[in-house]
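Novice: After the sequence you'll find the predicted model.
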Amino acid sequence: MDVPQVTDPQDATAAERALLGACLLDADVAVRQSVEEVDERDFADPRLGQLYDLVCTMWAAQEPIDPIVIEKRARELGQKIHAADLFELIQATPTSSNAGHYARQVADAAKRRRLKIAGSRLQQLAESGEELGVVMGHARDEWASVAGQAAGKIEAKTLAAVLDGEDDYDWLIPNLLERQDRLVLTGGEGAGKSTFVRQIAICAAAGVHPTTTHTVEPVKVLVVDAENSEKQWRRASRTIALQAKHMGQVDPTTSLRLACVPRLDLTNERDVGAVHRLMDEHDPDLLVIGPLYRLIPRAITNDDDASPLITAMDGLRARGVALVMEAHAGHATGATGQRDLRPRGSAALMGWPEFGMGLRIQQPDDGDPTVRAELVRWRGDRDERAWPTLMRRGGQFPWTDDSIAPEPRRWEPRVVS
């Protein structure tokens with residue numbers, strides 16, 4: 001069946017009236033198809049928006065819905081809705097089955113109207129005397145408002161409804177990282193944290209669990225390295241990649257995307273936009289980015305320095321990726337005389353990630369040349385995961401969970417066809 005198309009964003013009432021007619025014909029079908037698409041604010045005619053909100057409210061309360069009942073209910077609320085007008089809407093709508101289509105047309109027309117308003121505001125901003133960074137921040141807010149306003153209604157569920165929901169993990173790396181997790185890894189200079197971050201990235205791309213070496217589903221990985229060059233990546237990663245290719249399901253040398261940049265300023269709209277465009281192009285599941293001190297043009301010494309960086313990183317995370325980041329530990333020592341592994345700078349970085357860990361090299365035991373490192377939590381995990389507490393250098397990859405039986409020989413470059 002043909003359905004009317006709204007081609008003029010200034011005249012969306014045809015779809016609005018059709019949607020309401022569908023709701024009056026069969027509220028159970030029409031409201032279910034439309035309630036996630038639109039709300040009363042999306043209607044160009046506020047009277048129709050008010051009527052749609054009333055119908056949805058009555059449907060949620062399981063009240064009967066027909067023109068007579070609606071007119072009576074509206075009168076109780078002080079609204080002027082006449083049954084005769086509702087009968088006209090029903091007669092003009094042949095079926096309720098197209099309600100979802102009508103709702104999408106209403107939502108699209110609403111966004112076009114908001115774009116026009118936002119365009120006027122952006123022109124005013126561009127002609128203002130404010131600094132460009134401030135203007136670009138306002139511009140991003142305007143766009144977020146246009147894109148998200150239709151879904152901006154806040155609802156509070158009962159605890160029972162929350163507890164009845166699904167709590168399955170959306171794993172990227174089983175028992176380690178799920179979608180939208182944030183991991184910040186620290187360590188002293190030369191402790192091996194950069195190697196461990198590369199191991200996580202390459203193994204995840206190949207379909208190898210980075211600590212257990214079990215086969216897992218490969219994920220799309222994007223690495224944005226603001227410290228190391230491509231030459232350094234070649235030297236440090238070639239053997240890890242060959243081993244991951246041998247043990248995994250796909251070749252990480254073709255599935256992992258790497259961007260080495262001299263430095264980024266994620267407080268700058270241009271650089272934030274550049275990372276978003278990379279994500280648009282490659283659609284990663286896991287974003288490895290950092291180190292943190294190279295993502296801002298000055299030292300992170302307080303919350304004011306950290307806040308814009310955290311905001312930009314959370315904007316990347318909001319696209320559904322997990323974030324793995326490297327940071328340098330401070331130089332202070334704790335009461336035990338050991339180096340504090342918390343990241344340098346603002347205390348805001350302490351409470352931000354789901355997982356904050358540092359690599360601390362242990363003193364070797366007499367007669368045992370194996371190098372081991374503790375994976376020390378400098379903040380409590382927000383969820384229970386199977387991160388190792390102790391790792392040893394060597395095995396099939398540079399770092400191996402020390403609870404796993406050692407390989408007969410230490411990790412070294414190997415030729416894999």
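Specialist: Sure thing, it's come through.
Novice: Let me see the backbone angles for residue 187.
Specialist: Backbone dihedrals for residue 187, given as degrees, to the nearest 10, come out at phi 170, psi 170.
Novice: ditto for the one 4 residues further on
Specialist: With angles defined as degrees, to the nearest 10, residue 191 shows backbone torsions of phi -80, psi -20.
Novice: my guess is it meets residue 362, correct?
Specialist: No. Residue 191 is not in contact with residue 362 according to CB atoms under 8 Å; the separation is 10.9 Å. (C-beta placed from N, C-alpha, C; glycine too.)
Novice: list residues touching both of the two?
Specialist: residue 373 (CB atoms under 8 Å, 6 or more residues apart in numbering).
Novice: Which one's more surrounded, those two?
Specialist: Legend: neighbour count by other CB atoms under 10 Å for residue 191 and residue 362, higher for residue 191 (19 against 14).
Novice: and the gap between that one and residue 375?
Specialist: In this view, residue 191 and residue 375 are 11 Å apart by CB to CB, to the nearest Å.
Novice: any shared contact partners between these two?
Specialist: The contact lists of residue 191 and residue 375 share residue 359, where a contact means CB under 8 Å, 6+ apart.
Novice: Strands along the protein, start to end?
Specialist: Using DSSP state E, the strands assigned to the chain run over residues 171-173, 177-178, 182-187, 221-225, 256-260, 286-290, 322-326, 355-361, 372-379, 390-393, 399-401.
Novice: Output the ones you listed as JSON lines; include the columns distance to residue 120, mean pLDDT and mean neighbour count.
Specialist: Formatted as JSON lines, the strands of the chain follow (distance: least, CB to CB, whole Å; pLDDT from 0 to 100; neighbours: other CB atoms under 10 Å):
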{"stretch": "strand 171-173", "distance to residue 120": "42", "mean pLDDT": "96", "mean neighbour count": "21"}
{"stretch": "strand 177-178", "distance to residue 120": "42", "mean pLDDT": "96", "mean neighbour count": "22"}
{"stretch": "strand 182-187", "distance to residue 120": "37", "mean pLDDT": "94", "mean neighbour count": "24"}
{"stretch": "strand 221-225", "distance to residue 120": "35", "mean pLDDT": "97", "mean neighbour count": "24"}
{"stretch": "strand 256-260", "distance to residue 120": "36", "mean pLDDT": "97", "mean neighbour count": "18"}
{"stretch": "strand 286-290", "distance to residue 120": "35", "mean pLDDT": "96", "mean neighbour count": "24"}
{"stretch": "strand 322-326", "distance to residue 120": "36", "mean pLDDT": "96", "mean neighbour count": "24"}
{"stretch": "strand 355-361", "distance to residue 120": "44", "mean pLDDT": "93", "mean neighbour count": "21"}
{"stretch": "strand 372-379", "distance to residue 120": "45", "mean pLDDT": "92", "mean neighbour count": "18"}
{"stretch": "strand 390-393", "distance to residue 120": "57", "mean pLDDT": "92", "mean neighbour count": "19"}
{"stretch": "strand 399-401", "distance to residue 120": "55", "mean pLDDT": "93", "mean neighbour count": "23"}
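Novice: okay if I get the ones you listed as JSON lines plus distance to residue 196?
Specialist: Listed next are the strands of the chain as JSON lines, based on distance: least, CB to CB, whole Å:
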{"stretch": "strand 171-173", "distance to residue 196": "13"}
{"stretch": "strand 177-178", "distance to residue 196": "13"}
{"stretch": "strand 182-187", "distance to residue 196": "7"}
{"stretch": "strand 221-225", "distance to residue 196": "14"}
{"stretch": "strand 256-260", "distance to residue 196": "16"}
{"stretch": "strand 286-290", "distance to residue 196": "11"}
{"stretch": "strand 322-326", "distance to residue 196": "9"}
{"stretch": "strand 355-361", "distance to residue 196": "7"}
{"stretch": "strand 372-379", "distance to residue 196": "9"}
{"stretch": "strand 390-393", "distance to residue 196": "8"}
{"stretch": "strand 399-401", "distance to residue 196": "5"}
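Novice: shouldn't residue 184 be in contact with residue 313?
Specialist: No. Here residue 184 does not reach residue 313: they are 10.1 Å apart, not a contact under CB under 8 Å.
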